[in-house]
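# Got a predicted model here, sequence first, then my questions.
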Amino acid sequence: MSFFGTYISSDTKSSTTSAVPLVSSVPASGTKFTTAAVPTFAILATSSDTKSDRDKNKKRTEPKFSLGADFPFLLENDWRRMKWGADVRETLMESVRSFHPAGETVSTARVLLIGPVGAGKSSFISSVQSVFSGRVINRAMVGSSNSTSFTKKLRSYNIRGAGEKADEPTALVLCDLMGVGEGEGTGLTLHDALSVIKGHAPEGHQFSPEQPIGAETAGFVRKPSTNEKVHCVVFVVDGSRVGSYAKSFGAIFQQLREHISNLGVHQVAVLTHVDQVCSASRSDITRVYRSQAVQQAMVKAGELLGMATSYIVPVKNYCSALDLDENTDILLLKAVDHILQYVNLYFQDSSD
């Protein structure tokens with residue numbers, strides 16, 4: 001089945017779904033922008049005129065929720081506990097380097113990134129690799145369009161160190177694939193996503209909605225080993241657009257989550273571009289867990305995905321910076337550590 005059609009492989013639980021057309025994402029009109037914070041979502045409401053305005057006999061619209069000058073975008077205390085500093089960065093680095101999947105016959109943890117076109121999936125992979133390389137690199141090629149997926153093929157990236165440790169890859173493999181588009185035939189299909197998770201899709205497979213992965217696909221893996229299957233799925237959501245995604249995206253993701261859960265694969269999420277959600281976080285990323293704007297964006301992401309916010313972590317990708325930043329690294333490493341916890345749950349559940 002396509003996310004926008006009716007095709008689905010015979011080995012999935014559901015046989016049909018309705019077409020889910022998507023519309024372009026644009027900010028709500030009438031939002032007041034200020035430099036105090038970057039507004040990403042606003043709900044419009046109609047209010048009655050004040051006494052002084054009644055003689056004008058008209059209505060005016062005001063944002064029910066906006067990030068204007070009066071918005072308390074920084075809370076007094078962190079809403080999620082977080083530690084910073086060079087020691088924290090090094091501890092997290094070592095935790096990822098030393099990680100080994102709990103499965104006895106498995107050497108790598110395969111993690112699949114899924115999300116809307118332009119959400120930052122490829123940038124996240126490159127950012128994580130940058131942390132371990134000691135410099136900013138773009139290992140996974142990144143596009144700039146929010147409507148057409150730049151990534152067309154299935155690519156797996158084994159995260160490895162730099163210098164003397166370049167030949168010592170970690171056990172983490174991040175898998176990139178076509179993004180979920182906003183129109184029929186513009187992005188990933190449900191059938192192909194599940195085929196990748198089950199391990200049937202060959203490395204380098206080029207996705208096409210008209211040619212679903214099947215036994216006739218070149219390189220099709222008929223009997224995938226546990227090493228070839230996906231052990232955790234990460235949904236990637238753009239924090240700066242989460243309030244303006246079409247509502248039909250929610251139906252798509254929750255349908256996808258249901259099928260993935262039936263396969264016994266755990267799912268988490270990363271919220272990207274948090275530096276664009278709140279100006280205070282942009283100037284100092286350690287404020288991310290004091291930002292009410294980021295907190296609300298995570299709530300919106302949870303509603304979109306049908307997922308509790310405890311599964312969601314914020315990150316800042318290296319999109320324009322040329323040099324690494326210690327605290328940006330910590331957020332990225334914390335996200336990876338969060339993901340690896342659910343990788344091990346996959347193997348624990350499989351052994352029960």
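The structure has been received and is ready for your questions.
# Just the endpoints, please. Distance across stretch 224-231?
13 Å (C-alpha to C-alpha, to the nearest Å).
# avg pLDDT for it?
Within the predicted structure, the mean pLDDT of stretch 224-231 is 96.
# swap in stretch 102-109?
On average, the pLDDT along stretch 102-109 is 87.
# Repeat that for stretch 238-250.
The model assigns stretch 238-250 a mean pLDDT of 90.
# so how far is residue 202 from the residue minimising distance to the centre of the chain?
Of all residues in the chain, the one closest to the mean position by C-alpha atoms, centre = their mean is residue 236, 0.8 Å from it. Per C-beta to C-beta, to the nearest Å, residue 236 is found 23 Å from residue 202. Placement of C-beta: from N, CA and C, glycine included.
# Low-confidence ranges, this structure, go.
When residues are selected by pLDDT under 70, those of the chain lie in 1-72, 139-151, 162-167, 182-186, 352.
# ok, which stretches of it are strands?
Secondary structure of the chain (DSSP state E): strands at 43-47, 60-65, 109-114, 155-160, 169-176, 232-238, 266-272, 312-314.
# Next up, the contacts around the closest residue to residue 328 other than its chain neighbours.
Using C-beta to C-beta, 6 or more residues apart in numbering and skipping residues adjacent in sequence, the residue nearest residue 328 is residue 316, 5.1 Å away. By C-beta atoms under 8 Å, 6 or more residues apart in numbering, the contact set of residue 316 is 272-275, 281, 285, 288, 328, 331-332.
# Residue 201 and residue 224 touch, don't they?
No - Residue 201 is beyond contact range of residue 224, at 9.1 Å (criterion: C-beta atoms under 8 Å).
# Compare the two (neighbour count), which wins?
For the pair residue 201 and residue 224, the greater number of neighbours falls to residue 201 (26 against 15), based on other C-beta atoms under 10 Å.
# tell me the contacts of the more buried one?
Listed by C-beta under 8 Å, 6+ apart, the contact set of residue 201 reads 154, 192, 195, 213, 217, 220-221.
# Pop out the phi and psi values for it.
Main-chain torsions, residue 201, degrees, to the nearest 10: phi -80, psi 130.
# same question, the one 4 residues further on
For residue 205, the backbone dihedrals are phi -60, psi 130 (criterion: degrees, to the nearest 10).
# Next, work out how far apart it and residue 241 are.
With C-beta to C-beta as the criterion, residue 205 and residue 241 are 28 Å apart.
# Next: residue 204.
Going from residue 204 to residue 241 by C-beta to C-beta gives 30 Å.
# Who has more neighbours out of these two?
Taking neighbours as other C-beta under 10 Å, residue 204 and residue 241 compare with residue 241 leading, 23 against 11.
# Near residue 314, how many other residues are there?
The tally of other residues near residue 314 (other C-beta under 10 Å) stands at 27.
# for it, which residues make a bridge with it?
residue 271 (DSSP bridges).
# Let me know whether residue 239 touches residue 282 as I believe.
No - proximity of residue 239 to residue 282 does not meet the contact threshold set by C-beta under 8 Å, at 11.7 Å.
# The two - which one has more neighbours?
Using other C-beta under 10 Å as the criterion, residue 239 and residue 282 rank with residue 239 on top: 32 against 18.
# so what's the more buried one up against?
Applying C-beta under 8 Å, 6+ apart to residue 239 gives the contacts 40, 271-274, 276-277, 294, 297-298, 301, 314.
# how about residue 226, what does it touch?
Residue 226 neighbours (C-beta under 8 Å, 6+ apart): 103, 105-106, 350.
# Show the buried residues in those.
Neighbour counting by 16 or more other C-beta atoms under 10 Å classes 103, 106 among the contacts of residue 226 as buried.
# Identify the farthest-apart pair in the contacts of residue 226.
The span of those, defined through C-beta to C-beta, is set by 105 and 350 at 10.8 Å.
# thought residue 325 was touching residue 286?
No - in terms of C-beta under 8 Å, residue 325 does not count as a neighbour of residue 286; the distance is 10.5 Å.
# more neighbours, those two?
residue 286 (17 against 13).
# if I look at the more buried one, how far off is residue 322?
Between residue 286 and residue 322 the computed distance is 21 Å (C-beta to C-beta).
# Residue 74 bridge partners, please.
residue 291.
# Can you give me the distance of it to residue 271?
According to C-beta to C-beta, residue 74 and residue 271 sit 18 Å apart.
# Of those two, which one has the most company?
More neighbours surround residue 271 than the other of residue 74 and residue 271, with 29 against 15 (other C-beta under 10 Å).
# Name all residues that make contact with that one.
Per C-beta under 8 Å, 6+ apart, neighbours of residue 271: 237-239, 242, 294, 297-298, 301, 312-315.
# swap in residue 222?
200, 215.
# Repeat that for residue 342.
Per C-beta under 8 Å, 6+ apart, neighbours of residue 342: 232, 266-268.
# Mind picking the two most distant members of the contacts of residue 201?
Longest span within the contacts of residue 201, C-beta to C-beta: 192 and 221, 13.6 Å.
# Show me which of those two is the more surrounded one.
residue 192 (29 against 17).
# What is the neighbour count of the residue nearest to the more buried one when sequence neighbours are not counted?
Ranked by C-beta to C-beta, 6+ apart and with sequence neighbours excluded, the top spatial neighbour of residue 192 is residue 213, at 5.2 Å. By other C-beta under 10 Å, 25 other residues sit near residue 213.
# same deal with residue 123?
Using other C-beta under 10 Å, residue 123 has 22 neighbouring residues.
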